[in-house]
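[1] Structure for this input, please:
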Amino acid sequence: MGKRKTRFVFVTGGVVSSLGKGIAAASLAALFEARGLSVTMQKLDPYINVDPGTMSPFQHGEVFVTDDGAETDLDLGHYERFTHATMSKRSNFTTGRIYESVIRRERRGDYLGATVQVIPHVTNAIKEAILSLRSDSADIALVEIGGTVGDIESQPFLEAIRQLRFDLGRKSTAFIHLTLVPYIASAGEIKTKPTQHSVQKLREIGIQPDVLLCRTETPIPKSQKDKIALFCNVEKEAVIEAPDVDTIYGVPLSLREGGLGSAILTHFGIPDSEPDLTPWQDICNKIRHASGEVRIAMVGKYIELADAYKSINESLFHGGTAHDVKVHIDYVDAESLENEGLDALSNVHGILVPGGFGERGTEGKIAAVRYAREHKVPYLGICLGMQMAVVEFARNVAGLEGATSSEFEEHPVHPVIALMTEWEQEGERVQRSASDDMGGTMRLGGYSCRVIEGTTTHAAYAKTEIRERHRHRYEFNNTYRAQLEAAGLVVAGELPDGSLVEIVEVRDHPWFVGCQFHPEFLSRPYAPHPLFSGFVGAAKQFSQA
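    Next up is the predicted model:
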């Protein structure tokens, strides 16, 4: 039985950054899935970092973690939320990762003494990375090229996909160029010149777009679409609007209306069919017509950039659709709670403390945990948020004065959160991070967890065996487990062998859960994560009390 033939769709961007290539690519993938086709996806990032694991969230936003332990670009979160495909280490390649592999091969002598050059050696490595998607046996692979056409950093990636058009043929490759068609209010006109120049830059390096996806605030008149088609050398039907929408989950519906999926299938010679977009219509209706509202305080230290918590934001919205409520997120600077008091928490219906690294803002997070515990406000702590819940409980309930994490103090009196040396030495169960040069071992990727019956967590999941994704170095210190449990801390989840605590709760609280893993990576608009659904549901009850 032969392997399925995989066709490749390459998505590039022009004029300006942040036009939404990732959401556009993910939405197109959703349109293919709605027609019964299987998809896989990949992001090629031009930056020289090997991965975003060591990058500041202020610069890069969230680090999305795959089940196989890759630290990747946040666009992979869009890919998984909009499709049923599972991303992996093959789904994100950076310039740094490509050059690292080329240099490693050169050092081994794989190039037989040849002068190693961008063409063909680097471009061949990029093509190998792209063609590795064939192993997913998908009908269509969508590959997003990061950055903006004209950037020097992205040129090797663009050259690689230019070559792939010749290697694979026109009927197996399609180029979509996402561009901006601005409306100049003072002139009362839509301007096509930026799009013309962007396509000109692409054509200079040998890439002719098959489809233009035009971001716009206002409808583009037919005369302007025809002008774009003429000057950019594309079919009139291949100039497709990508208008602003009120929710990102409306993008598949918008692109379907513009005919994007049909245009690509026609290009490939694949019979078109009517996509079943009922799930997306239902999601949009739930978001637009929610009957109630809840307000959630997200207490973090990267709040200036909402993308730093992208998956958490979306997971909260998913939880809202499960309970017919609109979720408003109040971004609360953890340091402000240390310096200005807790007034920012007084009118919220739930408190969420997300993950993070470093000591800055941790006392504010601990103060938020205490407020949630003492005022019976629904609480969800993720990774560091779980660890700070343990520290707060140890200090203020169990009487362990000076309790903290060994991440923050070299020789703490009570390191209730600590590096688990014994766990690290087991080796085979620990995934290494590409950022390990910064020290320590990270537990990365998917791990199984046993949920304890009779807990709030078990009520949310309705099962005892789960698998979740991790990204952390420090763990619950089992030395203190018995003492903390005796004081009222509930261990609601642990590794199947009982070696590490994964989930904690507080006794006699309506909804208080801290988890060592990142549940936001598994939440989907069509399948809200149980913990986010449970948390938002508890917040709804709190708002009605």
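
[2] any low-confidence regions in the protein?
    1-3, 58, 421-440 (pLDDT under 70).

[3] If we use 50, what do you get?
    1-2, 422-440 (pLDDT under 50).

[4] Centre of it to the edge, which residue is at the far end?
    residue 113 (41.0 Å; C-alpha atoms, centre = their mean).

[5] separation between that one and residue 106?
    Going from residue 113 to residue 106 by C-beta to C-beta, to the nearest Å gives 10 Å. Where C-beta positions appear, they are placed from N, C-alpha and C, glycine not excepted.

[6] Find residues that contact each of those two.
    Common neighbours of residue 113 and residue 106, using C-beta atoms under 8 Å, 6 or more residues apart in numbering, do not exist here.

[7] CA atoms of stretch 442-457 as CSV?
    What follows is stretch 442-457 as a C-alpha-only set of coordinates in CSV (Å, rounded to 0.1, in the frame of the first residue of the first chain):
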residue,chain,number,x,y,z
MET,A,442,13.6,20.8,32.4
ARG,A,443,10.8,18.4,32.4
LEU,A,444,9.4,19.0,29.0
GLY,A,445,6.5,17.6,27.0
GLY,A,446,3.8,15.1,27.8
TYR,A,447,3.6,13.0,31.0
SER,A,448,0.9,10.8,32.4
CYS,A,449,-0.8,11.7,35.6
ARG,A,450,-3.0,9.7,38.0
VAL,A,451,-6.0,11.8,39.3
ILE,A,452,-7.2,11.0,42.8
GLU,A,453,-10.9,10.3,43.0
GLY,A,454,-13.1,12.5,45.2
THR,A,455,-11.2,15.6,44.3
THR,A,456,-12.2,18.8,42.5
THR,A,457,-9.8,17.8,39.7
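
[8] Which residues does whichever strand or helix holds residue 373 contact?
    Assessed by DSSP states H and E, residue 373 sits inside helix 362-374. Helix 362-374 is contacted by residues 297, 299, 332-338, 342, 345, 351, 353, 377-379, 381, 384-385, 388-389, 391-393, 395-396, 405, 408, 506, 509, 512 when judged by C-beta under 8 Å, 6+ apart.

[9] List the buried residues in it.
    362, 363, 364, 365, 366, 367, 368, 369, 370, 371, 372, 373 (16 or more other C-beta atoms under 10 Å).

[10] Just the C-alphas of that helix, formatted as PDB.
    Extracted as PDB, the C-alpha positions of helix 362-374 are listed here (Å, rounded to 0.1, in the frame of the first residue of the first chain):
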ATOM      1  CA  THR A 362       6.600  36.100  43.200                       C
ATOM      2  CA  GLU A 363       5.600  37.800  46.500                       C
ATOM      3  CA  GLY A 364       2.700  39.400  44.600                       C
ATOM      4  CA  LYS A 365       1.600  36.100  43.300                       C
ATOM      5  CA  ILE A 366       1.800  34.600  46.800                       C
ATOM      6  CA  ALA A 367      -0.400  37.500  48.000                       C
ATOM      7  CA  ALA A 368      -2.900  36.700  45.200                       C
ATOM      8  CA  VAL A 369      -3.000  33.000  46.200                       C
ATOM      9  CA  ARG A 370      -3.600  34.000  49.800                       C
ATOM     10  CA  TYR A 371      -6.400  36.300  48.800                       C
ATOM     11  CA  ALA A 372      -8.100  33.600  46.800                       C
ATOM     12  CA  ARG A 373      -7.700  31.000  49.500                       C
ATOM     13  CA  GLU A 374      -9.000  33.200  52.400                       C
END
